[in-house]
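Student: coords below, sequence missing:
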C-alpha cells in the first residue's frame, strides 16, 4: 500500500504536506528568475528539506521550523514578484505583507530556540497563532476577486500554490492549537529535561562533598526597561567614552557566565518597545533572547501592553519563565489576570527564593488606555503586603519583590543614595513604600523610572535593600544574597550597578549570532537614508524647550496644517544626532504605533492642558504654535500662566485647530483636557510616517525656533 495513504490521516502527514506545498510554491515563484532563485536559495532548501528532517530525525519540531522559515520566504518572494511585474499595492497592504513575512520567519527562529521538550506545548500555542496570521496573509495575496493581480503574476502555478499552501497552513494551525503535532513525536529536544536532572544532581553532589564549605552567596542579576536595546552600541551620551561599546544581551550573558556563584536573572518589565528590533517583532525577539539567557522571572511593565493584551499573552505563553503581576485583576470578574502569576519560587543551590511581581498602577494610562481599560491595576503597596504575608507562609529562604515602579522621587539617572535619608511622603506608589508595607520582604527591585542606584539603598525602617538598574541594558544590578554558613539563614544583601562595557565583559558569540538572525532583515530597512540634520536634536533635563520635541511638534504642524501641535514628552524616546539621518533614527525617536489625531480646542481648554502638564517643575508635553509664560512656585507648580499663539494673546473663547496623538486623546497621562475638544478625528495614520515624510521634505533639519516655554522670575 502507498506509504502516503498510510500516513494520510496522521497529524504529521499534514505538516509534511505543508512543507511540500511551500517547497512547490517557492519553485513556482522563482521559475525563470535566476537572481531570485540565487538570493533565496537557503529558503528553498529549508522548505524542500522539511520532509527529510521529519522522516530522518523523527522530529515534528524540526520540520515545523523549516516550514515556517520557508513560509516567510514565500511571502517575501510573492511581494518581490509583484514588484517585478509592476504591481504596486497600497502602502498598508505592502507593509502588512512584509511585516507578516518577517514575523513568520522570526517564528521559525523562536521554535528553533524554544528549549527543552517541556516547552513544546507553549511553542505549539504560539505557532498556532502564527499559522492564523500566515493563512490570512496567503489568502490576501491569492484573493480570487483580484483578477488583475492573478493575470499580472503570469504563473498559474503560483496562484494554485498559494491556495494549496493556505489550506495546509490552516490545517496545521488547528492541530497546533490542540497540540496534536508533537504528542507522538520524540524530538531530540525532549532529552533536555533528563539532562537538566543529571546536571542538577551533579551540582548537588559537588556542593555536598566540597571541602571547606563557606557562606553561600546567590547573585541576582537584574535588568529593567531594556526597551529593545538588545545589542551593544557606542556610549555617545558619555563624553569620556563616546566611542566605547556598551550594553546588550551578549555582554550580559558573557558577564553572568563568569560568575562562580549560583545566579538568578530577573527583569522588571518594559522589555521591547523602543527600537525597530523590539517593535517590528512585537517583543518576540525579547522572549527568544531572555529564554536563551535563562531568565527566571519578569514583572509586567506598562509598555509590555503596547501591542494589546493579546500580544502580551502570546509573549507570556512563549516565555520559558513566568511573567508576574500580583496586583493585576480583570475588572468584570475580580479575578487575577490568568497569564500573570502573583509570585514564583526559584530553587537555587538548595535555597528557595520567592519572587513577587508588582505592576505599576500607572499602567492604566501609561500604555494606550483602550488596551487595558478592562484591567484593574491595584495599589502596589497594599498588594505587595498581602502577597508577602501569603508567600511567607511557604517559608522561603528569602523574599524578593520585583516591581515596575521606582523610588518615586528624582535621584538622577545614576546615583549613590546609600547614605540618603527618606520619608515615604510622596512615594505612595514607589518601591520605598512597597518595602515599608511588605513586612518580611528582603529585597525590593524597581524599574520604570529609568534610574540606576549605584549601591542600592538599605532602608533602615523596613530592613529591605532597594535596587534599580537604569535603562536600555547598558547596566545590570548585581544583588548578592548572603546566607549564613552555620544556620543557612538569609543574613543580608549587597547591591552593585555594573556597566556592561564590552571591552570588560566580552560578548557571548552564541547570543551575538542569535541577535544577528533577527536584525539582518531589520537593518536593511532601517539603514535607509532619509536626509540629514545640521544640529543635534536632544532633550533638556526638565523637558522645557527640548529641540527634539520642538522639531517633532513643528513637523506635526507642517504635515497637517494645524494651528497648534502637542506631543507628550515621555513619548519621545531618543535624540537625533547631527549628520546623516536614517530610518532607524526616526523609529528610535518614535517607536510607538501612535496615530495622529486632529481636533478643535478653545483657549480655555488649552490653558487647562498646560496647567495639567507643567506640574513638578517639568514639561510633560512639547508644543508648537503656542508659547506659554509662567512662574514656577517652590513646589514646582505653574502660576500666572498666559498663552500666546501667532504672537497674539490667547483668549478663553478663541478656537484652534490642534494636532496630537491618539495616546493623549484616548486618556493617556496628561491628556485629560483633550476629552473636552470637538471634531475629534483619528487619521489612523502613524505619527512616525509623518515624521519620516518631514525629514525627507525638509532636509537638512535646522535648530527649531524657540523658546516655547518661558519661565518668569518667581
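Tutor: Nice, I can see it. Only a predicted model underlies this, so the values are computations on that prediction, with no experimental measurement involved.
Student: Could you list the low-confidence segments of this protein?
Tutor: Scanning the chain for pLDDT under 70 picks out 1-214, 408-410, 412, 423-428.
Student: Over to residue 557: give its phi and psi.
Tutor: With angles defined as degrees, to the nearest 10, residue 557 sits at phi -70, psi -50.
Student: actually residue 606, not the one I typed
Tutor: Dihedral angles (degrees, to the nearest 10) for residue 606: phi -70, psi -40.
Student: Tally up the residues packed near it, please.
Tutor: 25 (other CB atoms under 10 Å). C-beta: built from backbone N, CA, C; applies to glycine.
Student: Quick check: it touching residue 564?
Tutor: Yes. The criterion here is CB atoms under 8 Å, and residue 606 meets it with residue 564 at 7.2 Å.
Student: Overlap in contacts, those two.
Tutor: Common neighbours of residue 606 and residue 564, using CB atoms under 8 Å, 6 or more residues apart in numbering, are 626, 656, 658.
Student: Select from those the one having the most neighbours.
Tutor: residue 658 (27 neighbours).
Student: following the strand or helix carrying it, which helix or strand comes up?
Tutor: In the assignment (DSSP states H and E), residue 658 maps to strand 655-661. Beyond strand 655-661 in the direction of the C-terminus, DSSP H and E gives the next helix or strand as helix 662-665.
Student: List the buried residues for that following helix?
Tutor: 662, 663, 664, 665 (16 or more other CB atoms under 10 Å).
Student: Show me what the next helix or strand after that helix is packed against.
Tutor: Later in the chain than helix 662-665, the nearest helix or strand by DSSP H and E is strand 678-686. Where contact means 3 or more CB pairs under 8 Å, 6 or more residues apart in numbering; DSSP states H and E, strand 678-686 is packed against strand 595-602, helix 662-665.
Student: Which stretches in the stretch 201-350 of the chain count as strands?
Tutor: 216-223, 233-234, 245-246, 263-267, 297-299, 323-324, 328-330, 343-348 (DSSP state E, counting those that start in this stretch).
Student: Switch the ones you listed over to a markdown table; also include distance to residue 452 and mean neighbour count.
Tutor: Formatted as a markdown table, the strands of the stretch 201-350 of the chain follow (distance: least, CB to CB, whole Å; neighbours: other CB atoms under 10 Å):
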| stretch | distance to residue 452 | mean neighbour count |
| --- | --- | --- |
| strand 216-223 | 11 | 23 |
| strand 233-234 | 17 | 14 |
| strand 245-246 | 13 | 22 |
| strand 263-267 | 15 | 24 |
| strand 297-299 | 17 | 29 |
| strand 323-324 | 22 | 28 |
| strand 328-330 | 26 | 18 |
| strand 343-348 | 24 | 17 |
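Student: quick one, which of those strands is nearest to residue 419?
Tutor: Smallest distance to residue 419 across these (CB to CB): 21.8 Å, for strand 216-223.
Student: buried residues in stretch 672-689?
Tutor: 673, 674, 677, 680, 686, 687, 688, 689.
Student: got it, and stretch 536-556?
Tutor: Buried-residue list, stretch 536-556, by 16+ other CB under 10 Å: 537, 539, 542-556.
Student: Restricted to helices, list those residues.
Tutor: Judged by DSSP state H, helices contain the following of those: 547, 548, 549, 550, 551, 552, 553, 554, 555, 556.
Student: roughly how far apart are the residue lying closest to residue 266 once chain neighbours are set aside and residue 527?
Tutor: Leaving aside its chain neighbours, residue 266 sits nearest to residue 222 (5.0 Å; criterion: CB to CB, 6 or more residues apart in numbering). The gap separating residue 222 from residue 527 is 33 Å, by CB to CB, to the nearest Å.
Student: next one: residue 254
Tutor: For residue 254, the distance to residue 527 - CB to CB - is 27 Å.
Student: before we move on, what about residue 570?
Tutor: 28 Å.
Student: So these two - more neighbours on which side?
Tutor: Applying other CB under 10 Å to residue 570 and residue 527 shows that residue 570 carries more neighbours, namely 14 against 10.
Student: Give me the three-state assignment for that one.
Tutor: helix (DSSP: H, G, I helix; E, B strand; the rest coil).
Student: show me the contacts for it.
Tutor: 366, 620, 669.
Student: now residue 438
Tutor: 356, 381, 384, 385, 387, 388, 399, 401, 444, 462, 464 are the contacts of residue 438 under CB under 8 Å, 6+ apart.
Student: Please list all residues in contact with the last one.
Tutor: In this structure, residue 464 makes contact with 435, 438, 441, 442, 443, 444, 458, judged by CB under 8 Å, 6+ apart.
Student: what about the first one, how many neighbours?
Tutor: By other CB under 10 Å, the residues close to residue 435 number 29.
Student: pretty sure it is in contact with residue 444, am I right?
Tutor: Yes. If you go by CB under 8 Å, residue 435 and residue 444 touch, sitting 4.5 Å apart.
Student: shared neighbours, these two?
Tutor: Counting by CB under 8 Å, 6+ apart, the residues touching both residue 435 and residue 444 are 401, 464, 466.
Student: Now render the residues you listed as a markdown table, adding distance to residue 709 and secondary structure.
Tutor: What follows is those, written out as a markdown table (distance: CB to CB, whole Å; DSSP: H, G, I helix; E, B strand; the rest coil):
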| residue | distance to residue 709 | secondary structure |
| --- | --- | --- |
| 401 | 38 | strand |
| 464 | 39 | coil |
| 466 | 34 | strand |
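Student: Pull the contacting residues for residue 534.
Tutor: 578, 700, 701, 702, 703.
Student: between those, which is nearest residue 231?
Tutor: residue 578 (22.9 Å).
Student: The closest one and residue 547, how far apart?
Tutor: From residue 578 to residue 547 the distance is 11 Å (CB to CB).
Student: And residue 357, by the same measure?
Tutor: Taken as CB to CB, the span from residue 357 to residue 547 is 38 Å.
Student: that older thread, the strands of the stretch 201-350 of the chain: which one's closest to residue 375?
Tutor: That would be strand 328-330 among these, by CB to CB, at 6.0 Å.
Student: Just the residues contacting the closest one, thanks.
Tutor: Against strand 328-330 from outside (CB under 8 Å, 6+ apart): 300, 335, 336, 337, 340, 359, 374, 375, 376, 377, 378.
Student: can you pull the contacts of the nearest residue to the fifth one once chain neighbours are set aside?
Tutor: It refers to residue 340. Among residues not flanking residue 340 along the chain, residue 325 sits closest, at 3.6 Å (CB to CB, 6+ apart). Taking CB under 8 Å, 6+ apart, we find residue 325 in contact with 299, 300, 337, 340, 341, 342, 357, 358, 359.
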